[in-house]
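J.: predicted model and sequence below, questions to follow.
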Amino acid sequence: MGGTIGGFPVPILAMVVAGLLCWFILTRTVLGRSMYAIGGNEEAARLSGLPVKRILVTVYALSGLFAGLAGMVLAGRLSSAGPQAGVGYELDAIAAVVIGGASLAGGSGRATGTLIGAILLAVIRNGLNILNVSSFWQQVVIGLVIALAVGFDVLRRKTSR
């Protein structure tokens, strides 16, 4: 997973395939529409006849699949697999989703927005590394970015009502 295929790095190819798969599921399938409905209001989705528990199990299974893929990519990049290798990446995942426009309240967001958020987060993190900012302050900056994105989401929800 740390090599190249046809001159393209495997992690980039894995990201593109995972992004396209998420886009397809969320925009072109009943499962994707059901995910949005459950994220918006789980009780309303249940009352409208959606099999909420079965869909949630599917969502958790897809989450496990993508977590496993991420673990394989990380192990390939590091050429090793340690139990503490991915510590701290959960903040990056949340930040990418929030920066990409998904609401923490649920029911809105797009896979393409998350991909753009992940790329923007990587650019921010790379810039901080180039500026030789310590990892502690990088976490602070990412936390501030999350807080700003959540603040914008709250303002957007208030103005849309």
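T.: Perfect, I can see it now. Residues are numbered from 1 along each chain as shown.

J.: report the rounded mean pLDDT for the strand or helix carrying residue 45.
T.: Secondary structure from DSSP states H and E places residue 45 in helix 42-47. For helix 42-47, the mean per-residue pLDDT is 93.

J.: could you point out the helix or strand that follows it?
T.: helix 52-78.

J.: next, residue 80: secondary structure please.
T.: Counting by DSSP: H, G, I helix; E, B strand; the rest coil, the backbone at residue 80 sits in coil.

J.: what about it, how many neighbours?
T.: For residue 80, the neighbour count with other Cβ atoms under 10 Å is 9. From N, CA and C alone the C-beta is placed, and that goes for glycine too.

J.: which pLDDT value belongs to it?
T.: Looking at residue 80, its pLDDT stands at 82.

J.: could you do residue 30 as well?
T.: For residue 30, the pLDDT comes out at 94.

J.: and for residue 112?
T.: On the pLDDT scale, residue 112 is placed at 84.

J.: same thing with residue 55?
T.: 95.

J.: what sits against it?
T.: By Cβ atoms under 8 Å, 6 or more residues apart in numbering, the contact set of residue 55 is 31, 34, 35, 38.

J.: again, but for residue 41
T.: Contacts of residue 41 (Cβ under 8 Å, 6+ apart): residue 107.

J.: lovely, talk soon.
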